[in-house]
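Enquirer: sequence and predicted structure, then a few things I'm wondering about:
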2 protein chains.
Amino acid sequence: MSGGAAAGVSRRRLLGATGAGVVGGGLAGYAVSRGLDAAPAGATESTAAPAVSLDAPIPFRGTHQAGIITPAQDRLHFVALDVVTKDREELRSLLEEWTRAAERMTAGAEAAPGGLVGGGPNRAPEDTGEAYGLPASGLTITIGYGPSLFDGRFGLAPKRPAALQDLPAFTRDQLDPRRSGGDLCIQACANDPQVAVHAVRNLVRIGFGVVAVRWSQLEFGRTSSTSTSQSTARNLFGFKDGTNNLKAEEPEALDQHVWVGPGDETGGAAWMTGGSYLVARRIRMHIEVWDRTSLQEQEDVIGRDKKEGAPLGAAKEHDALDFAKKGPDGAPAIPLTAHVRLAHESHLGGIRLLRRGYNFTDGSDGVGHLDAGLFFLAYMRHPGRQFVPMQRALAKADGLNEYIQHNGSAVFACPPGLKDGEHWGQALFA
Amino acid sequence: MSGGAAAGVSRRRLLGATGAGVVGGGLAGYAVSRGLDAAPAGATESTAAPAVSLDAPIPFRGTHQAGIITPAQDRLHFVALDVVTKDREELRSLLEEWTRAAERMTAGAEAAPGGLVGGGPNRAPEDTGEAYGLPASGLTITIGYGPSLFDGRFGLAPKRPAALQDLPAFTRDQLDPRRSGGDLCIQACANDPQVAVHAVRNLVRIGFGVVAVRWSQLEFGRTSSTSTSQSTARNLFGFKDGTNNLKAEEPEALDQHVWVGPGDETGGAAWMTGGSYLVARRIRMHIEVWDRTSLQEQEDVIGRDKKEGAPLGAAKEHDALDFAKKGPDGAPAIPLTAHVRLAHESHLGGIRLLRRGYNFTDGSDGVGHLDAGLFFLAYMRHPGRQFVPMQRALAKADGLNEYIQHNGSAVFACPPGLKDGEHWGQALFA
């Protein structure tokens, strides 16, 4: 991890203090209880560029949940949970307690007042402790509700949004039920993985007896940029990924493609106004096969050049994709089966998604290969009208299919952000 | 990941340039080929403290291999491989090619000249590309040879050091053969996990047809400090771990406990002089059980207080352990079954190890819990005289046993460092 309390100042905090500045807002009060100074060094240097402040907290409350259009942090721990209680009130109460804990942790504090020792020697500590002394590290905690939460168990069936449906089967899917589905999800993004894992682990701990882990996924590197302040990252095929992604700086496009609108739009679930639907897909990449493929084949499959990320037939990453342009041989410069062609809005009736994917590697597959790939996360207004037609088009013809396999899948309704005093589940259980 | 080539300057590099400085040594020549400037911004600020330069390269060659007493980087990707060829020369040749690739990657370059595009459109790229544009990030690549490499296949039986033996079974072991053993290992440590994963993946790629992945482990946070310049990090039980670890700044103690001496010391394998033996143990932690345990019980099991990390009965982390001291109730302040008591050199005839452990979380275990724990790595002169008696003592009485389970195990002989012009395997195959 990045540092500890012993030396008084972690390495990341030192970076913040000497060069990058630390955004002080939102830290007051909580910061003391996780072993940080109440007024961290550098907090007054508010003119420093926030883009480099990897340590700073990100506000928990707002119109939308944090962790969706927030500039994608470097690391992610994602967990899907099943509710194991049959008691509606226990679930409602857990969501309220989770809200308090999540708000504290995103501010850099322990999960509950008292932290490591506050409960005294005869009680289990209120916080598991492994993030003690670490800064907020840009932690965001985003919650979502799966279709199965709205079955008969908790009386939530009338609250189910029409848009929240299990995804249909797609051609080539090889889904593992142990990596799919879930009543609830928690997406914890941070610039320090120890902080993200700590957040998930403490929420799971708080939920003992009410929820149990169904599956989880640790990710080591973002592949999507969600803000114009970020450079485009590379996936494990070595290509820049998501150049044309929706960005936080495009509010009109986000309203059109990501945020659920008011009224009938919500499909009868007014509590989802301002929320978004999350589709999660674990995409195993056959990197060993890919790595033995020629550069030309790789670029034809993607539709961009490998080094710059420029569309084939163009020169720079952000040049427009010209699907009509022919190459020297008279064939389309961007092949008809290229991923960028099939996934482009112009071939999908204007469909776009906000992607927030991460690279993963999960040990080995038992036959001499690394188990690695892309954990695809995308936010949208309506999975049935956005992800489903897009994935059908890709599953049918995408040249990438030869090199990838979807083996996990889930969909969640992520409610809007919270105003002061509100908590998760409040609107859902109202 | 931390950044990409698109914006010209990654976030980490920006931190380096504005606040932390970048150590320029060793980067010349290679840096250009991974998309970095030949003279990175900040390279001339050589007075900046190197401890915060997370981007800088670490020299590949030296008396000992890097990655052993190197201040422990934040992330680790570890892979164990089996040799699948029967051809001795193929193996020798691979070790030579690996040396070239490892030296290039630790300097921040691609795995081979030409990188992403150098081989032309009709060839597979010489580098897989996902680290293109990222700095060296303190990458070290450390190689080790398992006992099975010295069977009859490659004529290496006469070169086997007497100290390189499979570990005996220990009480309570529940080893999974799919997480144990291996003919070879590669330990890739870096401050950016994308850089560590890239290194392992490219070495595996180069080894196609000669070696195959047996198991691998991605780690997200160091738990050991190996230098006095580092603060003590916390493990997933929330405790500071390895306060009394050997440190890079103690050369006499390292000669005594870590580095294999010359002459008879090597057990007939002169090529191991200056090397070290690595013991790797995957220790699953039952964090859900631990998290419901009282603070008092947790502190008694470890023998230190949770917040400061001080020995029980003392006030500060680095205070001496007083095993004779009694508490108010007349019992030893540090209980007889406390981990720090049983693992202390004073109870083990002076045995010490250099620990280099990392925290991991690998999804869930299928029964509602996170599969998380400690990947224990330790370097020593002689496993049979150091790790084995220590682990026997711990397996017998350590209070921690109730909360942990060893489910992976391996031992490797890590040769000494390379002089200019030398390559891995040269001394072994001489």
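Expert: Good, I have the coordinates.

Enquirer: which residue does the stretch 301-430 of chain A bring closest to chain B?
Expert: Residue nearest to chain B within the stretch 301-430 of chain A (C-beta to the nearest C-beta): A:Gly368, separated by 3.1 Å. All C-beta spots, glycine's among them, are computed from the backbone N, C-alpha and C.

Enquirer: what does the stretch 51-200 of chain A give?
Expert: Going by C-beta to the nearest C-beta, chain B is nearest to A:Gly129 of the stretch 51-200 of chain A, at 2.3 Å.

Enquirer: quick check: which element contains that residue?
Expert: Remark: A:Gly129 resides in no helix or strand, with elements defined by DSSP states H and E.

Enquirer: how far away is the closest residue to it other than its chain neighbours from B:Ala314?
Expert: Distances taken as C-beta to C-beta, 6 or more residues apart in numbering or on different chains place B:Gly238 nearest to A:Gly129, at 2.3 Å, with adjacent residues excluded. To B:Ala314, B:Gly238 is 19 Å away according to C-beta to C-beta, to the nearest Å.

Enquirer: out of the two, name the residue with the larger neighbour count.
Expert: Taking other C-beta atoms under 10 Å in any protein chain shown, B:Gly238 and B:Ala314 do not tie; B:Gly238 has more neighbours (24 against 18).

Enquirer: where in chain A is pLDDT low?
Expert: By pLDDT under 70, the low-scoring segments of chain A are A:1-52, A:264-265.

Enquirer: just the strands in it please.
Expert: Under the criterion DSSP state E, chain A contains strands at A:75-83, A:140-145, A:184-190, A:211-219, A:221-222, A:276-285, A:354-355, A:358-364, A:370-380, A:404-414.

Enquirer: list the buried ones in the biggest helix by length in chain A?
Expert: The residue-count maximum for a helix in chain A (DSSP state H) belongs to helix A:88-106. Neighbour-count burial for helix A:88-106, counted by 16 or more other C-beta atoms under 10 Å in any protein chain shown, picks out A:90-92, A:94-95, A:97-99, A:101-106.

Enquirer: so which of the residues you listed comes closest to B:Gln256?
Expert: A:Met105 (43.4 Å; C-beta to C-beta).

Enquirer: A:Ala188 and A:Val84, how far apart?
Expert: 21 Å.

Enquirer: show me which of those two is the more surrounded one.
Expert: Comparing A:Ala188 with A:Val84 by other C-beta under 10 Å, the one with more neighbours is A:Ala188, at 28 against 15.

Enquirer: isn't the more buried one right up against A:Ile143?
Expert: No: the pair A:Ala188 / A:Ile143 is not scored as a contact, 10.3 Å apart, by C-beta atoms under 8 Å.

Enquirer: residues near A:Ser346, how many?
Expert: Look at A:Ser346: counted by other C-beta under 10 Å, it has 10 neighbours.

Enquirer: just to revisit the earlier point, okay, the strands of chain A in TSV with distance to B:Asp305 next?
Expert: Formatted as TSV, those follow (distance: least, C-beta to C-beta, whole Å):
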stretch	distance to B:Asp305
strand A:75-83	28
strand A:140-145	29
strand A:184-190	27
strand A:211-219	30
strand A:221-222	36
strand A:276-285	40
strand A:354-355	45
strand A:358-364	35
strand A:370-380	38
strand A:404-414	40
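
Enquirer: turn those into a markdown table, columns for distance to chain B.
Expert: Listed next are these as a markdown table, based on distance: least, C-beta to the nearest C-beta, whole Å:
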| stretch | distance to chain B |
| --- | --- |
| strand A:75-83 | 7 |
| strand A:140-145 | 16 |
| strand A:184-190 | 11 |
| strand A:211-219 | 3 |
| strand A:221-222 | 4 |
| strand A:276-285 | 10 |
| strand A:354-355 | 15 |
| strand A:358-364 | 4 |
| strand A:370-380 | 6 |
| strand A:404-414 | 10 |
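
Enquirer: between the ones you listed, which gets nearest to A:Phe429?
Expert: Using C-beta to C-beta, these put strand A:140-145 closest to A:Phe429, at 11.4 Å.

Enquirer: okay, buried residues for the closest one please.
Expert: A:140-145.

Enquirer: who does that strand touch, helix- and strand-wise?
Expert: Strand A:140-145 sits against helix A:88-106, strand A:184-190, strand A:404-414, with contacts defined as 3 or more C-beta pairs under 8 Å, 6 or more residues apart in numbering or on different chains; DSSP states H and E.

Enquirer: what strands line up against the shortest one, and which way round?
Expert: Sheet pairing for strand A:184-190, assigned by DSSP bridges, gives strand A:75-83 (antiparallel), strand A:140-145 (antiparallel).

Enquirer: compute the inter-axis angle for it and strand A:358-364.
Expert: When axes from the mean of the first three to the mean of the last three C-alpha atoms, to 10 degrees is applied, the directions of strand A:184-190 and strand A:358-364 differ by 100 degrees.
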